[in-house]
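Visitor: this one's structure only:
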């Protein structure tokens, strides 16, 4: 069983984030600049306090007629967070994402944000692992 730490070691531990008092517009600019779909929301102490995604923007700003320039991220961010640790297994992460209908999992180590994994990261890892298994089985059959 692969732990999330292995995926983070391969992809990197960099986490893009915004502060709760940043405007939604600023968060959208960062999403566009980094080519990503979600951001962790951290306070001044660097603690994870929320999560902001394009889905939050669409459902909580646009559809509600709010102004993204004057709305702080804190007003629309998700605060009931599902998190994992570096030791959490890939299968457990997939189950958490399915059960909670989420696409990202912040990774906390002793309460500190150390990474973020997406459904895409997990699927990529699973496919690579399956390809490796198939290759090993083919080699076994040939020899």
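Guide: Okay, I see it. Bear in mind that the values here come from a model prediction, so they are computed numbers and not experimental data.
Visitor: Next, please give the residue ranges for the helices of the chain.
Guide: 4-11, 24-34, 54-57, 90-100, 119-142 (DSSP state H).
Visitor: Report the contact partners of residue 44.
Guide: Applying Cβ atoms under 8 Å, 6 or more residues apart in numbering to residue 44 gives the contacts residue 19. (C-beta placed from N, C-alpha, C; glycine too.)
Visitor: Out of the helices of the chain, which is closest to residue 79?
Guide: Proximity to residue 79, assessed across the helices of the chain by Cβ to Cβ, is greatest for helix 54-57 (11.0 Å).
Visitor: so what does that closest one touch, helix or strand wise?
Guide: For helix 54-57, the packing partners by 3 or more Cβ pairs under 8 Å, 6 or more residues apart in numbering; DSSP states H and E come out as helix 24-34.
Visitor: can you list the residues that contact the helix it packs on?
Guide: For helix 24-34, the external contacting residues (Cβ under 8 Å, 6+ apart) are 16, 18, 37-39, 52, 54, 57, 61, 66, 68-69, 71-73, 75-76.
Visitor: switch the cut-off to 7 Å
Guide: Residues from elsewhere that reach helix 24-34 (Cβ atoms under 7 Å, 6 or more residues apart in numbering): 16, 18, 37, 39, 52, 54, 57, 61, 68-69, 71, 73, 76.
Visitor: To residue 45, which of the helices of the chain lies closest?
Guide: Here helix 24-34 is closest among the helices of the chain (Cβ to Cβ), at 19.3 Å.
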